[in-house]
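Q: Turn this into a structure:
(chains A and B)
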Amino acid sequence: MPRIKAALAALAFISTPALAGKTLDAIKAKGQIACGVSTGVIGFSAADSQGQWKGLDVDVCKALAAAVLGDANKVRWVPLSSQQRFTALQSGEVDILSRNTTWSLTRDAALGLHFTAVTYYDGQGFMVAKKSKVTSAKQLKNAEICVQSGTTTEKNLSDYFRAQGIKVKPVVFDKFEASIKAFFSGRCQAYTTDASALAFIRSKEAPTPDDYVVLPEIISKEPLGPAVRRGDDEWFAIVKWTINALIEAEELGITQAKVDGLKASPDPAIQRFLGVGEDLGKSLGLNREWAARAVKAVGNYGEIFNRNVGADSPLKLPRGLNAQWNHGGILYAPPLR
Amino acid sequence: MAASRTASRITQALIVAIVVGLLALLVTTTAGHLQQRGIRSGFDFLLEPAGFTLGESLLPVEASDSTLRAFAAGLLNTLRVALPGAFLATLIGVLAGFGRLTENPLIRGLASAYVNAFRNIPLLLQLLAWYFLLTDLLPATDAALRLAPGIFLSKSGLALPWWVDGALEIPEPGGFGIDGGARLTPEYLAMLLGLSLYSAAYIAETLRGAVEALPPGQRLSALALGMTPRQAFVLVLLPQAWRAALPPVTSQLLNLFKNASLAVAIGYPDLVSVAGTSLNQTGRAIECLTIVIAVYLLLSLLAAALSHRLEQRALRGQTA
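A: Predicted structure coming up:
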């Protein structure tokens, strides 16, 4: 009995762990970055048959590891469900949440986190069976719509149809597999999620892709990007500028293959980028070759896009909004100088 | 004697103080850390608009209604499947339990096959199997099967005539399948089937165990008194077995209620599903989970108190 009491008393005096000092110091001490990813969204973050994580969100973490630690493989992958993701970041379980997460006011202001930059501009759309002869989302009155829970999807769905003055019935599943299985069995007349995922679901999961069509309406803005915990401005800046560097690299024509050869380039912007002249890394607390390392590890933004979701991937998504500002898109990295 | 009683009281008071102190520490440090990390917390979000709707619900929820109302609708949906599920589970459980005790080898074999199959497959798999069986096998929504006038069966579920605004509304084919009347969706039907068949298998075993645990002399004496085997079973064995089986059976029914929280796997909007959605809208993870825990705990305690009274009554019957 006295022993139990002593143990209880001791417990009462154990203080909860203090906030880790600087995230960067902690990462350097651990020798790896804890990166929160999804449990499997092809093109963004998914483990392949060999257990290797692949995708656009994954490459952001690899680029960070290369910039910060000099080795793109020094990442600990933490797969998170949509319900777990914010808590995992808030509690310090992960250093960065790179998990197809939409940047919104509430999330930025009230969840104790900061979104760093947009890595993919997405929007929510609908898919229906071709034989239903539905050609516009406005025809979905009284339809049952299959949804996977845990994103802003349910809210967009109800906002959109409220604005249209139409009632629909959402059927909400917590698992992706169950939601698409239900849709393809004919349980729902429509399926809704981000347009990037719709393209994948139609081409890879549909029994016959030609029996399904994606409707033209995009009902929401879904800027996806990584988030970090509040209270560490240095780490926030590192993540933000590593993403900017990947985007800037494409604009400057710095590719994975050419990055070493370009060190001799006379272009001052390229020299700065590669750390040949000025040392931009110093102000971030990083090695002078941080940006060059990131590009050497995963390529520039354009290469990352094509490999994971674009022309060279099964998804074959067009660049669209995700093209550079001087190529009809809205990607615009502030200058690295 | 008196001294040791005082000592024991002091110990008890100390333990209570430590437990309360630990709880207070947990709450204050959590609140402190949330604030320190700039995370908004509190239950004020319950009164703000939910922003989402429920596909099916006894209590209609619009996106402009409060989150609290959405939680209430979710809870009603849980009860809507758990209460009829408990009734069905008891009914099937009693039948299957008797089935395992009969002399008829065919019935005994069937009952034992049922119990073993359903007890030994994880419930989540059973729910998914029922659900995909229903959605795959039922006719398409635009080719609904007309079972009787005004009763349709399709992938959208079972449509039945129902009173809407004081008048009987008969379902009829509309824009997307069947409009009007009441609807039992495939999600609901799969939950009801899955939950009741799973729990019934346990109830059947409990009843069989309770009957077989009775001293063999009970049955032999009844037969010696000239009762038929059926009379001996119904008048002598069953009343005694029922008392022994009551506590484990009520705990099975409680399990059924808790198992209803798997609903979100097959798209049924129960309390846990609503909590998950609103957690994602608001980011209030601790608050949403606290509500779910509190509701389950409260309802389980209520049910436990009810079953305790039932047991007391049964025991009184025994001594009288």
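
Q: Do a quick rundown of the helices in the chain.
A: Answering for chain A, as no chain was given. Taking DSSP state H to define them, one finds helices in chain A at A:2-13, A:23-30, A:56-69, A:85-90, A:105-110, A:153-164, A:176-184, A:195-200, A:233-252, A:268-274, A:281-284, A:290-298, A:301-308.

Q: Oops, wrong one, chain B.
A: Listed in chain order, the helices found in chain B under DSSP H are B:2-36, B:67-101, B:105-119, B:123-137, B:186-212, B:216-224, B:229-231, B:238-259, B:271-282, B:285-319.

Q: Show me which residues of the stretch 201-337 of chain A sit near chain B.
A: A:229-231 (Cβ under 8 Å from any Cβ of the partner chain). Yep, even glycine has a C-beta here, placed from its N, CA and C like the rest.

Q: try it again with 7 Å
A: Applying Cβ under 7 Å from any Cβ of the partner chain, we find that the stretch 201-337 of chain A lies next to chain B at A:230-231.

Q: The residue of the stretch 201-337 of chain A found nearest chain B: neighbour count?
A: Chain B sits closest to residue A:230 of the stretch 201-337 of chain A, with a gap of 4.8 Å, by Cβ to the nearest Cβ. A total of 18 residues lie near residue A:230 under the criterion other Cβ atoms under 10 Å in any protein chain shown.

Q: Repeat that for residue A:173.
A: Taking other Cβ under 10 Å as the criterion, the count of residues near residue A:173 is 25.

Q: ok, now residue A:94?
A: Residue A:94 is flanked by 26 other residues according to other Cβ under 10 Å.

Q: on that earlier part again, single out the most deeply packed of the helices of chain B.
A: Looking across those with neighbours counted as mean count of other Cβ atoms under 10 Å in any protein chain shown, the highest average goes to helix B:271-282: a mean of 25.

Q: what's the angle from that helix to helix B:285-319?
A: Taking axes from the mean of the first three to the mean of the last three Cα atoms, to 10 degrees, one finds helix B:271-282 and helix B:285-319 inclined to each other by 160 degrees.

Q: Report the residue spans of the chain with pLDDT below the cut-off.
A: I went with chain A, as the question did not name one. By pLDDT under 70, the weakly predicted segments of chain A are A:1-21, A:150-151.

Q: not quite, I wanted chain B
A: When the per-residue scores of chain B are filtered using pLDDT under 70, the ranges that remain are B:1-2, B:317-320.

Q: need the residues of the stretch 151-300 of chain B near chain A, please.
A: Proximity of the stretch 151-300 of chain B to chain A, by Cβ under 7 Å from any Cβ, involves residues B:155-156, B:174-176, B:179, B:186-187, B:264-267, B:269, B:273, B:276-277, B:279-281, B:283, B:285.

Q: In chain A, which residue is most central in space?
A: Residue closest to the mean C-alpha point of chain A, counted by Cα atoms, centre = their mean, is residue A:100 at 3.4 Å.

Q: Could you give the backbone dihedrals for it?
A: Main-chain dihedrals, residue A:100, degrees, to the nearest 10: phi 20, psi 60.

Q: For it, give me its contacts.
A: Residue A:100 makes contacts with A:38, A:41, A:44, A:57, A:224, as judged by Cβ atoms under 7 Å, 6 or more residues apart in numbering or on different chains.

Q: Select only the buried ones of those in PyMOL?
A: Those of these that count as buried under 16 or more other Cβ atoms under 10 Å in any protein chain shown are selected in PyMOL with:
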select buried, chain A and resi 38+41+44+57+224
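
Q: Restricted to strands, list the contacts of residue A:100.
A: Assigned to strands by DSSP state E, the following of those qualify: residue A:224.

Q: Give me the residue at the spatial middle of chain B.
A: A centroid search over chain B (Cα atoms, centre = their mean) returns residue B:257, at 2.2 Å, as the residue closest to the centre.
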